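>>> take a look and give me a structure for this.
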Amino acid sequence: MSQKKVAILISGGGSNMVSLLDSMTGDHPARPCLVLSNNADAGGLAKAAAAGVATAVVDHRPFAGDREAFEAELVKPVIEAGADIVCLAGFMRVLTAGFVSQFEGRMLNIHPSLLPKYKGLHTHARALEAGDGEHGCTVHEVTPRLDDGPILGQARVPVLESDTPDTLAARVLVQEHLLYPAVLRRFAAGDKTPVQLR
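Model (predicted):
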């Protein structure tokens, strides 16, 4: 079976991207083909280049207000790289149905909550405000609806009485770095059975 090619989209430091890149070695069924960012200053670009992975930048700012035009440019390097799977890893632009539909069933995202709880932003603060006993992260297939789509894995952490949004986020991030590679390995092998980490 030939290895799948994975494109990873980032906007910042790319810590989840690094965990994905580090995992795609040996007998892994996939290999990275591209790291793409909407931000030329994204710290993750240098990390990807240092790991020998091709990088590209499509700045969203010149396309202000014209999301379709931005996405028309964004998709080009992904297609040129021959990506079989697209992983969103801290990519901070909402993608339209037009973009997502091109990769239906082949696009993954990691979200810092136990979906369907807390779609969108400020998930850690919202979990604390709700008095939740546990919190975590979810990897899901991307559909046109924000933070929706079939769940492919979740990792859970207990919420401590002393937690702040920052301390909770830090513990969830540790789990993100374990969960996303585990899901990608399974997904790239054609298995959509959800991964559960505790």
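
>>> buried stuff in stretch 146-158?
Residues Asp147, Asp148, Gly149, Ile151, Leu152, Gly153, Gln154, Ala155, Arg156, Val157 are the ones in stretch 146-158 that count as buried (16 or more other Cβ atoms under 10 Å). No exception for glycine: its C-beta is placed from N, CA and C like everyone else's.

>>> put the alpha carbons of the longest helix along the chain into CSV.
With secondary structure taken from DSSP state H, the chain has its longest helix at helix 165-188. Presented in CSV, the C-alpha positions along helix 165-188 are these (Å, rounded to 0.1, in the frame of the first residue of the first chain):
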residue,chain,number,x,y,z
PRO,A,165,-7.7,28.7,31.5
ASP,A,166,-3.9,28.7,30.9
THR,A,167,-3.1,25.7,33.2
LEU,A,168,-6.0,23.8,31.7
ALA,A,169,-4.9,24.6,28.2
ALA,A,170,-1.4,23.5,28.9
ARG,A,171,-2.6,20.1,30.1
VAL,A,172,-4.9,19.7,27.2
LEU,A,173,-2.1,20.5,24.8
VAL,A,174,-0.1,17.6,26.1
GLN,A,175,-3.0,15.4,25.2
GLU,A,176,-3.4,17.1,21.8
HIS,A,177,0.2,16.1,20.9
LEU,A,178,-0.6,12.4,21.7
LEU,A,179,-4.1,12.3,20.2
TYR,A,180,-3.6,13.9,16.8
PRO,A,181,-0.8,11.6,15.7
ALA,A,182,-2.7,8.5,17.0
VAL,A,183,-5.8,9.5,15.0
LEU,A,184,-3.8,10.4,11.9
ARG,A,185,-2.0,7.0,11.9
ARG,A,186,-5.3,5.1,12.2
PHE,A,187,-7.1,7.4,9.6
ALA,A,188,-4.2,7.1,7.1
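
>>> ok now it, how far from the chain's centre?
10 Å (Cα atoms, centre = their mean, to the nearest Å).

>>> and stretch 57-76, by the same measure?
Per Cα atoms, centre = their mean, the displacement of stretch 57-76 from the mean C-alpha position of its chain is 19 Å.

>>> residues making contact with that stretch?
Contacting residues not belonging to stretch 57-76 are listed as 36-40, 42, 45, 77, 93, 95-96, 98-99, 102 [Cβ atoms under 8 Å, 6 or more residues apart in numbering].

>>> pLDDT of it, averaged?
The pLDDT scores in stretch 57-76 average 96.

>>> ends of stretch 99-119, how far apart?
End-to-end distance for stretch 99-119: 20 Å, by Cα to Cα, to the nearest Å.

>>> flag every buried residue along it.
Buried-residue list, stretch 99-119, by 16+ other Cβ under 10 Å: 99-100, 103, 106-115, 118.
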